[in-house]
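S.K.: Sharing a model that was predicted from the sequence below.
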Amino acid sequence: MEILIFKTNLTDPNRISDVEIALDIHPNIIGWNVDLNDDDNILRIVANNIAGEEVEKMILSAGYYCEELQ
């Protein structure tokens, strides 16, 4: 199990709902949340065997910015 952290532009619940289904149905994602109180709107994902690039592509395909933080 690993925790991946991303900077996003998911700034409100409506934007989060646009990516919710994709994150919820992904078989390797155990849980996730977006911290709207953080200036970088941090997306945290708890997952098994998923690359950060895959998450970035999922969020980008929904029309939002996403960059993995190291």
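M.R.: Now that the structure is in, tell me what you want to look at. This structure is a prediction, so every number in the text was calculated from the model and none was measured.

S.K.: longest helix anywhere in this protein?
M.R.: In terms of residue count, the longest helix belonging to the chain (DSSP state H) is helix 13-25.

S.K.: Let me know the next secondary structure element after it.
M.R.: Next helix or strand after helix 13-25 toward the C-terminus (DSSP states H and E): strand 29-35.

S.K.: what's next to that next one, contact-wise?
M.R.: Taking contacts as Cβ atoms under 8 Å, 6 or more residues apart in numbering, the residues outside strand 29-35 that touch it are 1, 8, 10, 16, 23, 41-48, 50. Every C-beta, even on glycine, is put in place using the N, C-alpha and C of the backbone.

S.K.: could you redo the last one with a cut-off of 6 Å?
M.R.: The contact list for strand 29-35 (Cβ atoms under 6 Å, 6 or more residues apart in numbering) reads 10, 16, 23, 42-47.

S.K.: same question, stretch 61-70
M.R.: 5-10, 18-19, 52, 56, 59-60.

S.K.: From these, list just the buried residues.
M.R.: Among the contacts of stretch 61-70, those classed as buried by 16 or more other Cβ atoms under 10 Å are 6-8, 10, 19, 52, 56, 59.

S.K.: how about these in JSON lines, adding secondary structure, distance to Tyr65 and pLDDT?
M.R.: Compiled in JSON lines, the buried ones among the contacts of stretch 61-70 are given as follows (DSSP: H, G, I helix; E, B strand; the rest coil; distance: Cβ to Cβ, whole Å; pLDDT from 0 to 100):
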{"residue": "Phe6", "secondary structure": "strand", "distance to Tyr65": "9", "pLDDT": "98"}
{"residue": "Lys7", "secondary structure": "strand", "distance to Tyr65": "8", "pLDDT": "98"}
{"residue": "Thr8", "secondary structure": "strand", "distance to Tyr65": "6", "pLDDT": "98"}
{"residue": "Leu10", "secondary structure": "coil", "distance to Tyr65": "9", "pLDDT": "97"}
{"residue": "Val19", "secondary structure": "helix", "distance to Tyr65": "11", "pLDDT": "96"}
{"residue": "Gly52", "secondary structure": "helix", "distance to Tyr65": "14", "pLDDT": "96"}
{"residue": "Glu56", "secondary structure": "helix", "distance to Tyr65": "9", "pLDDT": "97"}
{"residue": "Ile59", "secondary structure": "helix", "distance to Tyr65": "8", "pLDDT": "97"}
